[in-house]
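Undergrad: Return atomic coordinates for the entry below.
(chains A, B, C and D)
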Amino acid sequence: MKLSDKRCSIQDAISAIKDNDTVMVGGFGVPGTPIALIHALVAHGARNLTLIKNDANEPGMGIDHLLQSGQVARLITTHLGLNSGAIALMNSGRLEVEFNAQGILAERIRAGGAGIKAILSDIGVGTELADGKQVVELQGKPYLVEPALRADVALIHADRADSFGNLAYVATARNFNPLMAMAADRVIAEAERVLPLGQFDADEVHTPGVFVDHVTELGELSEEYAVVRR
Amino acid sequence: MKLSDKRCSIQDAISAIKDNDTVMVGGFGVPGTPIALIHALVAHGARNLTLIKNDANEPGMGIDHLLQSGQVARLITTHLGLNSGAIALMNSGRLEVEFNAQGILAERIRAGGAGIKAILSDIGVGTELADGKQVVELQGKPYLVEPALRADVALIHADRADSFGNLAYVATARNFNPLMAMAADRVIAEAERVLPLGQFDADEVHTPGVFVDHVTELGELSEEYAVVRR
Amino acid sequence: MVARAAREIAPGMVVNLGIGLPTKVVNHLPADFPVCLHTENGMTGIGPTLPPERADRNLIDAGGAYVSTIPGSAFFDSATSFAIVRSGRLDLTMLGAFEVSASGDLANWKIPGKFSPGVGGGIELAQKARRVVVLTTHTDRAGNAKLKQNCSLPLTARACVSRIFTDMAMIDVTAGGFVLVEIADGVSVADVVAATDAPLHVPDGPLPRF
Amino acid sequence: MVARAAREIAPGMVVNLGIGLPTKVVNHLPADFPVCLHTENGMTGIGPTLPPERADRNLIDAGGAYVSTIPGSAFFDSATSFAIVRSGRLDLTMLGAFEVSASGDLANWKIPGKFSPGVGGGIELAQKARRVVVLTTHTDRAGNAKLKQNCSLPLTARACVSRIFTDMAMIDVTAGGFVLVEIADGVSVADVVAATDAPLHVPDGPLPRF
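TA: Below you'll find the predicted structure:
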């Protein structure tokens, strides 16, 4: 038995994205944001996308490129506080935004990746975040139905990968990446290093390669990755 | 800032377990089963326990000691196939057994550790495993409410720990351990090695120490750990 | 039949092989065949089975056999292991059976009053693998048919089985019920029909042998 | 007030410090104080903040500041990060506030028509930390009271706040409403009462100063 080779070019990986797709994008702030994949998606031009991402990055960075290019119709997120441009798009009605509590967004994505239909949670009960949500009573108390989220495509940034798609992340660049890497029909990972098969300790894999469809190796990182030229 | 030291003796760690407690026990077969903690619990003598464990180990091994000592009133599990003694206890009415689908048991424990009330799943719909379970309709289809599981105490086997309780597991000895290590009010980990603080790569921690209350270092492992004397 | 069943596995598939006959399928794959084997207790990329004296005490499959890694193996917890199964990343599972119905219902975990050790991971494999095939003897030890119009035993999952490999035949489960597709050497169509407790559609013309 | 708030942190606690004033609390702890700081973006054991030229580009806190590790730090994903919060492993959080009600309701994420960038991790911290304390100015920039009988802004969580530190006073939220516990140097009880838009219980006798 041997494991298949999922390496491909960034353009080939991105080419399957279609208009109207739902796209998950890893990252919390800059760390873990798949900046090269985002630029390739801007170049590719697919429109009317629904993005799922923790935050909207900052103006001129990360998914802001997709927001400013007008490719995004809807954003499922937790917080836009660092991107005044995203807030302006939302306030002008050009971007539909759905806010989730951050840990609930994480759990909804995880549920999608785990093949669970929904979770029941009391987070937000009694606040406006509960508005419009289905309620289930358990032992006499109300819980909100938080449906699983899945995407057509997930864009993932990893520190290292192997050719089968096993992934590992570093530091706080992990964040939503391992959750999203389980929750999409097509998972595309950019990695700072792609190692030969067998160079990964099986205990240190954060995302098993079975979840990953395409692996692309990054060359030199741009300054948008917060690389400081010293 | 520094992190607290949670090292203690196996007896001190076990001493807080009380009659009628619910106790989660890691392991799938022998790998990951906290055999030294189980023996300490037999010696401690707490009775009328509810155990949560994937399987009942084999006769004369692992939690079979607790079953045979009569300390267990109830077992929440997935499969007893390798322990004829456990099946005999169940069939004679001396042991109440609740069977779960294996991945659903894992998710119920994880939900307990994640502070989620329940998950909604279609696993087992239309079979007798659905009997008696609350059903919620979503988009016209029935889903079973699978309530979170938590325990008073979790007994965990790790390969290595540090003094703060960060844990890592090896190979298939991981199984239910990281899930249970999040899902109990008191988490006790036995580790084959306890490393000085700072010897653990922060990216390679499988269970963050914030979930762990007590860490105890194992001496030489007994043959019950499947140690082959060569 | 095991050799024939091995041809179900296409290059690049992620596959879970159940305990018993299915486990033996791997022996009929070429050494460098591109396949990723999954086991419920938390591993992808299972390598060859090892004798106890060469085994790693922490490395078993869900059936308790000592196994090994291959380049690219990964370990994970039990929740992640079933996330693979339930979220559609498991291309194929091969399972044993007590009974299979003409609509693809599977019963393989409980014989009331006789055998009820628990369901383990079987429900999720049967219900959520993208393709479920069964490997089983055509009849039980008492000679009773295992392929029936309806299952009499408690179900593992409904309408899940696509194909059945037995010592007598390869049979597909279709919207119209059981269809005989291939037949074992030395067995007649009449033998298979007689050993099957449900209508069996037999195509015209000669059937492939295995 | 920040120095006084730092005394809320008992040895061995797991603590999340919100953006703004709460972040500064850490500067008032002794260097070897046993505390585990948690940040929502996936870390326990936060070490000192670093200037950009010494920073690791992959290591920030939830507020975007470059931070560092200490011996025993651990990284994890966002689901695990909030599992810590929701499952009761977070002993204390310190949060900012727009408004706090006399029953401990907290509003700190949205001013309709003016400020609505999203709730982030605030709801879960407010609702699930074992103890929630607020650090805030006593009044807003326009001089309006932030401590009110009822919140007028959309809530973050109900009945969650135990204690409030302001530039004027330390106030507890009790079943009977706000109770003045300590008072800042140079401030009179009458000042605090006047700046609080809800009944304020003032104990007999002299109050501790901070």
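
Undergrad: what's next to the lowest-mean-pLDDT helix or strand in chain C, contact-wise?
TA: Lowest on mean pLDDT, DSSP states H and E among the helices and strands of chain C sits helix C:2-6, with a mean of 94. Applying C-beta atoms under 8 Å, 6 or more residues apart in numbering or on different chains, the contact partners of helix C:2-6 are C:21-22, C:24-29, C:94, C:133, C:135, C:165, C:170, C:182, C:210. Every residue, glycine included, has its C-beta placed from N, CA and C.

Undergrad: ok, the residue nearest the centre of chain A - contacts?
TA: By C-alpha atoms, centre = their mean, chain A has its centre lying nearest to residue A:25, at 2.5 Å. Applying C-beta under 8 Å, 6+ apart, we find residue A:25 in contact with A:33, A:34, A:38, A:51, A:52, A:53, A:62, A:63, A:154, A:155, A:180.

Undergrad: Which of those ranks first by neighbour count?
TA: residue A:180 (36 neighbours; other C-beta atoms under 10 Å in any protein chain shown).

Undergrad: That one is in contact with residue A:156, isn't it?
TA: Yes: between residue A:180 and residue A:156 there is a contact under C-beta atoms under 8 Å: 6.3 Å.

Undergrad: Across the sheet, point out what pairs with the residue nearest to the centre of chain A.
TA: Per DSSP bridges, the residues bridged to residue A:25 are residue A:155.

Undergrad: and the spatially closest residue to residue A:175 that is not a sequence neighbour, helix, strand or coil?
TA: Spatial nearest neighbour of residue A:175, chain neighbours left out: residue A:28 (3.9 Å); criterion: C-beta to C-beta, 6 or more residues apart in numbering or on different chains. Recorded secondary structure, residue A:28: coil (DSSP: H, G, I helix; E, B strand; the rest coil).

Undergrad: Going along the chain, name the helices of chain C.
TA: C:2-6, C:78-86, C:122-128, C:189-194 (DSSP state H).

Undergrad: With mean neighbour count and distance to residue A:150 as extra columns, can I get these in a markdown table?
TA: Shown next, in a markdown table, are the helices of chain C (neighbours: other C-beta atoms under 10 Å in any protein chain shown; distance: least, C-beta to C-beta, whole Å):
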| stretch | mean neighbour count | distance to residue A:150 |
| --- | --- | --- |
| helix C:2-6 | 18 | 32 |
| helix C:78-86 | 27 | 12 |
| helix C:122-128 | 27 | 14 |
| helix C:189-194 | 14 | 42 |
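
Undergrad: Any chance of TSV for the ones you listed, columns distance to residue A:175?
TA: Converted to TSV, these look like this (distance: least, C-beta to C-beta, whole Å):
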stretch	distance to residue A:175
helix C:2-6	42
helix C:78-86	17
helix C:122-128	28
helix C:189-194	56
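
Undergrad: Closest residue of chain A to chain C?
TA: residue A:115 (2.5 Å; C-beta to the nearest C-beta).

Undergrad: Now do that residue: how many residues are near it, please.
TA: For residue A:115, the neighbour count with other C-beta under 10 Å is 27.

Undergrad: isn't it right up against residue C:83?
TA: Yes: the pair residue A:115 and residue C:83 qualifies as a contact (C-beta under 8 Å) at a distance of 6.3 Å.

Undergrad: and the helices of chain C, which one is worst for confidence?
TA: The minimum mean pLDDT among the helices of chain C belongs to helix C:2-6 (a mean of 94).

Undergrad: just how off-centre is stretch C:26-38 within its chain?
TA: Offset of stretch C:26-38 from its chain centre (C-alpha atoms, centre = their mean, to the nearest Å): 15 Å.

Undergrad: can you pull the buried residues of it?
TA: Burial within stretch C:26-38, assessed by neighbour count using 16 or more other C-beta atoms under 10 Å in any protein chain shown, is assigned to C:26, C:29, C:33, C:34, C:35, C:36, C:37, C:38.

Undergrad: Just the pLDDT for the first one.
TA: Note for residue C:26: predicted pLDDT of 87.

Undergrad: Can you check what angle separates the longest helix anywhere in chain A from helix B:102-114?
TA: Assignment by DSSP H gives helix A:102-114 as the longest helix of chain A. With axes from the mean of the first three to the mean of the last three C-alpha atoms, to 10 degrees applied, the angle from helix A:102-114 to helix B:102-114 works out at 170 degrees.

Undergrad: and helix A:102-114, what other elements does it pack with?
TA: The contact analysis (3 or more C-beta pairs under 8 Å, 6 or more residues apart in numbering or on different chains; DSSP states H and E) places helix A:102-114 against strand A:118-121, strand A:141-147, helix A:177-180, helix C:78-86, helix D:78-86, helix D:122-128.

Undergrad: So what angle separates the directions of the fifth one and helix B:102-114?
TA: Angular relation of helix D:78-86 and helix B:102-114 on a 0 to 180 degree scale: 50 degrees, by the same axes, to 10 degrees.

Undergrad: Please apply the same query to the second one.
TA: With the same axes, to 10 degrees defining the directions, strand A:141-147 sits at 120 degrees from helix B:102-114.

Undergrad: gap between stretch A:147-163 and the chain center?
TA: Distance, stretch centre to chain centre, for stretch A:147-163: 6 Å (C-alpha atoms, centre = their mean).

Undergrad: Show the pLDDT at residue C:114.
TA: Note on residue C:114: pLDDT of 83.

Undergrad: Mind jotting down where the helices sit in chain A?
TA: With DSSP H as the criterion, chain A has helices at A:10-14, A:35-44, A:64-68, A:84-91, A:102-114, A:177-180.

Undergrad: For the longest one, list the C-alpha coordinates in CSV.
TA: Backbone C-alpha positions of helix A:102-114 (Å, rounded to 0.1, in the frame of the first residue of the first chain) are rendered in CSV as follows:
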residue,chain,number,x,y,z
GLN,A,102,-16.7,32.9,17.7
GLY,A,103,-16.7,29.5,19.4
ILE,A,104,-20.1,28.7,17.9
LEU,A,105,-18.7,29.4,14.4
ALA,A,106,-15.9,27.0,15.2
GLU,A,107,-18.3,24.3,16.4
ARG,A,108,-20.6,24.7,13.4
ILE,A,109,-17.7,24.2,11.1
ARG,A,110,-16.4,21.3,13.2
ALA,A,111,-19.9,19.7,13.1
GLY,A,112,-19.8,20.0,9.3
GLY,A,113,-16.5,18.3,9.2
ALA,A,114,-17.7,15.6,11.7
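
Undergrad: all strands of chain C, in order?
TA: All strands of chain C, identified by DSSP state E, fall at C:14-17, C:36-39, C:43-47, C:68-75, C:92-95, C:99-101, C:106-107, C:132-135, C:147-148, C:161-165, C:169-174, C:177-183, C:200-201.

Undergrad: Just give the number of residues close to residue C:108.
TA: Neighbours around residue C:108, by other C-beta under 10 Å: 27.

Undergrad: Revised request: answer the last question for residue C:41.
TA: 30.

Undergrad: any idea how far the closest residue in space to residue C:170 that isn't next to it in sequence lies from chain A?
TA: Once flanking residues are discounted, residue C:170 sits nearest to residue C:182: 4.0 Å by C-beta to C-beta, 6+ apart. Separation of residue C:182 from chain A (C-beta to the nearest C-beta, to the nearest Å): 25 Å.

Undergrad: ok, residue C:182 - contacts?
TA: Counting by C-beta under 8 Å, 6+ apart, the residues that residue C:182 touches are C:4, C:169, C:170, C:207, C:208, C:209, C:210.

Undergrad: ok, 10 Å please
TA: Contact analysis of residue C:182 by C-beta atoms under 10 Å, 6 or more residues apart in numbering or on different chains lists C:1, C:4, C:165, C:169, C:170, C:171, C:172, C:207, C:208, C:209, C:210.
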